[in-house]
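Undergrad: need a structure here:
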Amino acid sequence: MSPENLVALVALAAGTLFTPGPNNAMLATSGANFGFRRTLPHMLGVAIGFPAMVLIVGLVLGGIFQSNAILRESLRWGGALLLLWIAWKIAISGGVALAGTSAGPMGFPAAAAFQWINPKAWAMAVAATSQFVTGSAPVLAALIVTLTFLGGGLMSSATWVLAGQAIARFLTSPSRHRIFNLSMAGLIVLSVAQLLWH
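TA: Predicted structure coming up:
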C-alpha cells in the first residue's frame, strides 16, 4: 500500500470511527450509566468485532455483498429495524437496555455480533475494503485495513465511553438522566435515517 493510500485510509478510519453513530451512541450511554470498567467488554466487542468483520469482508464477502442487492437491502433494513428497537429501549429505560435488560451493559459477544447487523458497519466495511483491498497483495492490504480500524476503533470506543462517563457527573437527577437517554436514542434514530437516506 502506497504512503498516499495509507494516509487516505487513516483519514477514512478517523472520519468514520469517531463520528456519531449507533456504536458510539450506545458506548456513550453505557459509559454514562455503568462507567468505564463495566463498559469495557462492550467497548472491546465494538473495537475488535468491527475490524474482524472488515477482515472477513475484505477477504471473502465483499464481492458477494456488493453483487447481491437482495442480501444488501435485507441487511440494511434488518439492521435499521434493530437499531430503532435499541433506540426505543434506551429511550424508555431509566438506565439502558442494550442487551435486553437494564441490569447491565452489553457484553463482548453481543457487541461483536452486533457489527454484522449494523448498517453503518456494513457500509464502512464494504467502502474500506473496496477502496483499499486491491492490487497484487490483497491479503496484506486487508490486514493493513483491519489493523488500521483496530487501532482507531480502540481509541474511538474509549473516547466515547469516557465522554459518556464525564457526562454522568451531570446526570444527578432522574429527569437529566432521562433527557440524556432520549438524546442518545435520538442520535441513533438520526444515524439510521441518514443510513437509509443514502
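
Undergrad: for this structure, what spans make up the helices?
TA: With helices called from DSSP state H, the chain shows them at 3-17, 22-56, 62-67, 69-92, 108-114, 119-132, 138-168, 174-197.

Undergrad: mean pLDDT lowest for which of the ones you listed?
TA: Lowest mean pLDDT within the helices of the chain: helix 62-67, a mean of 61.

Undergrad: any idea how far residue 55 is from the residue of the chain positioned farthest from its centre?
TA: Within the chain, residue 136 marks the point farthest from the mean C-alpha position, 30.2 Å out by Cα atoms, centre = their mean. For residue 136, the distance to residue 55 (Cβ to Cβ, to the nearest Å) stands at 19 Å. Placement of C-beta: from N, CA and C, glycine included.

Undergrad: try residue 197
TA: In terms of Cβ to Cβ, residue 197 sits 29 Å off from residue 55.

Undergrad: dump the residue contacts of residue 50.
TA: 23, 115, 121, 124-125, 149, 153 (Cβ atoms under 8 Å, 6 or more residues apart in numbering).

Undergrad: try 6 Å this time
TA: 115, 121, 153 (Cβ atoms under 6 Å, 6 or more residues apart in numbering).

Undergrad: Identify the residue nearest the second one in space, chain neighbours excluded?
TA: In space, residue 121 comes closest to residue 115 once its chain neighbours are excluded; the distance is 4.5 Å by Cβ to Cβ, 6 or more residues apart in numbering.

Undergrad: I am finished for the moment; much appreciated.
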